[in-house]
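A.B. asks: Fold the following for me, if possible:
(chains A and B)
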Amino acid sequence: MRICCCIKQVPATTEVKIDPETKTLVREGIENQINPFDLYALEEAVRTKERRTEEGDASTVTVLSMGPPWAEESLREAISLGADDAILLSNKAFAGADTWCTSYTLAMALKKLEPDIVFCGMQAIDGDTGQVGPGIAVHLNYAQAAYVSKIESMDDKKLVAKRLIEEGYEVVEVKLPAVLTIVKEINEPRTASLRGKMNAKKAEIPVWGPADIAAPAEKIGLLGSPTQVVKVMTPPCRAGGDKYEGEPEELAGKLYDVLKCMEVV
Amino acid sequence: MSIYVDPAKCDGCSVCVKSCPFNVIEVKPFDGLRMLATITVEGCTMCGACVAACRFNAISIDIERQPVQDLDKYRGVWVFGEQREGKVAPVVFELIGVGRDLADARKAELAVVILGHELNEAVEELASYPVDKVYICESPELAVYDAERYCRVLTDVTRELKPEVFLAGATTTGRSFMSGIAISLYTGLTADCTGLEIGEDGLLYQTRPAYGGNIMATILCRYTRPQMSTVRHKVFPMSCKRASGKAEIVRLEPKQALFPSRSKVIEFIEQVGEKVNLVDADIIVSGGRGLGGPENFAIIRELADELGAAVGSSRAAVDAGWIPYAHQVGQTGRTVCPKIYIACGISGAVQHQVGMKSSDVIIAINKDPSAPMFDLADYGFVGDLFEIVPALTKKIRQMRGARETCEV
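C.D. replies: Numbering: from 1, shown residues only, chains lettered A, B, ... in the order given. Predicted coordinates for the structure are as follows:
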């Protein structure tokens, strides 16, 4: 089974600033990391590979990321965490992509690989859209299941997944090939093994551009994106209010009064 | 948009012919030896039914931009009427409120579009709100949400009826299938909006938080339609019912051929007992590391029960295994904006703040006066939560008891 996992390199903090002159995000001096949700997706991809291989179906995990050249570092980290190989989609023409073009670009790369399952994190902590995973499914014309918290069973043709939704869980059967987006509950990601680190160090990570994935210029990057950001601003900070100290009974009484003012008790 | 059949992959099996809702596919002889599916492009809506039906992945659709001159054909504002078992999701009534304003600003109609089965009650309810039309797509196959099927049916009606703006709640449902519609129509979708306004240029200005709310970005979809957004819960007020009359109900016949899907729901496991639907809750009582152990969530639950609140938690408590993940608020959990958020024994790491700082009122209880949560809280209580929380629960019970005695 060929398994793919899409990851995104994101800032290690969400405490980002806007440059007052250029009105763009200040990226200098900010450390990067693999998007936390993608770590769960990657772990599930690796576990799926291990399980399939154990069952006699030799499987591999390929990690993909679209991003700047330095996103390669995150792909190496993914290899250290159990992926077999990685591909970086990096090119000036990809820059400025919204979710339409991001999912298109990743889908065009995935088309070349013809995976049976694609794992994605449920969303990225910088953009918070959650749209790219389901978008890839539509571009690839694969079946999909979003917000997966458990893979109950799997064979060559289909899998059964548990989805975490607002009111509880939904158990769905999905035919392969499929795209799954993963929530945190699904597993506990491993730490890199020594062997993994060695693999990561010596791995050759190809860099694909638009020509490698047969993506026309009008469908990628800023040019292809239906949406444009026209303004970014920092919202006003929330200021702390009154702070009370005293005996517990007294504080509980005060808190009761607060709730009473808001007409909830 | 264009559609191709790959002769190298097509086996002439004619499954696609049966799948086509518009009868525009034929299987014809090809290069004298074998049969090949042939699609008459006139009459094809690129619905994708054949693409999904083909076992050989021989058919592919190439999505292209809509011509800019067609944009004027798109009129009106649509709201997706999300429902489960006939019960309309609360966020829909919030969308009707903001959708009405947008439609009025564009001097256009507001419509709700609802998919499902046996929807009479839901439709009557929606029609009593200030919407102009309720579009209803009913079929037993649409009873339960299925991403692929819902996406294909809604893409089809959107392409036909051409709304200018299309809104859905940023729920797990809205977020997962709206993306597919936007992809198929090659238009923009802005996720998780907290601000929607029609500008002087008539465009929809969509404002949304990014980087965990540290940045607000305003996004436009200038050259394609509909302009699509998913909208965060509890940001816009619920719409009032209309003073008189009711909305026109328009029945749309969903095309059966759009129904094939490669997934099916086997089971729905409702979370019973404790309220975990954090996103719909007006009040959330949350516990963190300060609770010291799983058994101590009992005092949080008791207070939550008295207040009719949902129980939330910090990541620390979830990672320690004290409470299931569905309760986690924050960067790697849920983002919530209740009217009141009561944080008990939660220090307030940035990752937690990201998920709750847009709550209307924040109340913090913590014994450490330097906890970052106090910088955020409208009301901070410095003290031992093990004393304050039970005392508060007791006081609420006492006062309620006293009131009930009086009333008798």
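A.B. asks: Now for B:Met178: which residues touch it?
C.D. replies: By C-beta atoms under 8 Å, 6 or more residues apart in numbering or on different chains, the residues touching B:Met178 are A:131, B:80, B:166, B:168, B:189, B:228, B:230. Every residue, glycine included, has its C-beta placed from N, CA and C.
A.B. asks: Which residue, neighbours along the chain excluded, lies closest to residue 234?
C.D. replies: Reading this off chain A. A:Ile18 (5.8 Å; C-beta to C-beta, 6 or more residues apart in numbering or on different chains).
A.B. asks: The chain in question should be chain B.
C.D. replies: B:Cys337 (4.9 Å).
A.B. asks: Look up how far B:Ser359 lies from the one you found.
C.D. replies: Separation of B:Cys337 from B:Ser359 (C-beta to C-beta, to the nearest Å): 5 Å.
A.B. asks: Out of those two, name the residue with the larger neighbour count.
C.D. replies: B:Ser359 (24 against 19; other C-beta atoms under 10 Å in any protein chain shown).
A.B. asks: my read: the more buried one touches B:Ile342, true?
C.D. replies: No - the pair B:Ser359 / B:Ile342 is not scored as a contact, 9.6 Å apart, by C-beta atoms under 8 Å.
A.B. asks: Name the residues contacting each of those two.
C.D. replies: B:Ile284.
A.B. asks: before we move on, back to that, just flag the most distant two among the contacts of B:Met178.
C.D. replies: A:Gln131 and B:Phe80 (15.0 Å; C-beta to C-beta).
A.B. asks: Need the CA coordinates for stretch B:282-294. CSV is fine.
C.D. replies: Below are the C-alpha coordinates for stretch B:282-294, written out as CSV (Å, rounded to 0.1, in the frame of the first residue of the first chain):
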residue,chain,number,x,y,z
ASP,B,282,-23.5,29.5,26.3
ILE,B,283,-21.5,28.8,29.4
ILE,B,284,-18.4,26.6,29.7
VAL,B,285,-16.8,25.6,33.0
SER,B,286,-13.2,24.4,32.4
GLY,B,287,-10.7,22.6,34.5
GLY,B,288,-7.0,22.3,34.2
ARG,B,289,-3.9,21.0,35.8
GLY,B,290,-4.8,22.7,39.0
LEU,B,291,-7.5,20.0,39.6
GLY,B,292,-4.7,17.6,40.4
GLY,B,293,-6.5,14.4,39.2
PRO,B,294,-9.4,13.0,37.2
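A.B. asks: what about that stretch and chain A, any contact?
C.D. replies: Yes - under the criterion of C-beta under 8 Å from any C-beta of the partner chain, stretch B:282-294 makes contact with chain A via B:Ile283.
A.B. asks: how about that stretch: buried residues?
C.D. replies: For stretch B:282-294, a neighbour-count test (16 or more other C-beta atoms under 10 Å in any protein chain shown) marks B:283-291 as buried.
A.B. asks: Between those, which sits nearest A:Ile165?
C.D. replies: Distances from A:Ile165 to the buried residues of stretch B:282-294, taken by C-beta to C-beta, are shortest for B:Ile284, at 18.2 Å.
A.B. asks: On the three-state scheme, that closest one is what?
C.D. replies: Of the three states, B:Ile284 takes strand under DSSP: H, G, I helix; E, B strand; the rest coil.
A.B. asks: Next: B:Ala304.
C.D. replies: Under three-state DSSP, B:Ala304 comes out as helix.
A.B. asks: could you list every residue that touches the nearest residue to it once chain neighbours are set aside?
C.D. replies: Spatial nearest neighbour of B:Ala304, excluding adjacent residues (C-beta to C-beta, 6+ apart): B:Val285 at 4.3 Å. Listed by C-beta under 8 Å, 6+ apart, the contact partners of B:Val285 are B:300, B:303-304, B:307, B:309-312, B:342, B:344.
A.B. asks: Between these, identify the one with the most neighbours.
C.D. replies: Neighbour counts for the contacts of B:Val285, by other C-beta under 10 Å, peak at B:Gly312, which reaches 33 neighbours.
A.B. asks: For it, grab phi and psi.
C.D. replies: Dihedral pair for B:Gly312: phi -110, psi 180, per degrees, to the nearest 10.
A.B. asks: Bridging across strands, which residues link to the residue found closest to it once you drop the neighbours it is linked to in the chain?
C.D. replies: Once flanking residues are discounted, B:Gly312 sits nearest to B:Ser286: 3.5 Å by C-beta to C-beta, 6+ apart. B:Ser286 has the following beta-bridge partners by DSSP bridges: B:Gly312, B:Ala343.
A.B. asks: Quick check, B:Ser286 in contact with B:Ala309.
C.D. replies: No - taking contacts as C-beta under 8 Å, B:Ser286 lies outside contact range of B:Ala309: 9.5 Å.
A.B. asks: anything in contact with each of those two?
C.D. replies: Residues touching both B:Ser286 and B:Ala309 (C-beta under 8 Å, 6+ apart) are B:Ile342.
A.B. asks: and residue 193, what is it in contact with?
C.D. replies: Here I'm looking at chain A. Here A:Ser193 is in contact with A:Ser80 (C-beta under 8 Å, 6+ apart).
A.B. asks: right idea, wrong chain: chain B
C.D. replies: B:170, B:206-208, B:229-232.
A.B. asks: got the residue ranges for the strands in the stretch 51-200 of chain A?
C.D. replies: If DSSP state E, counting those that start in this stretch is used as the criterion, the strands of the stretch 51-200 of chain A fall at A:60-66, A:85-89, A:117-121, A:143-154, A:158-165, A:168-175, A:178-182.
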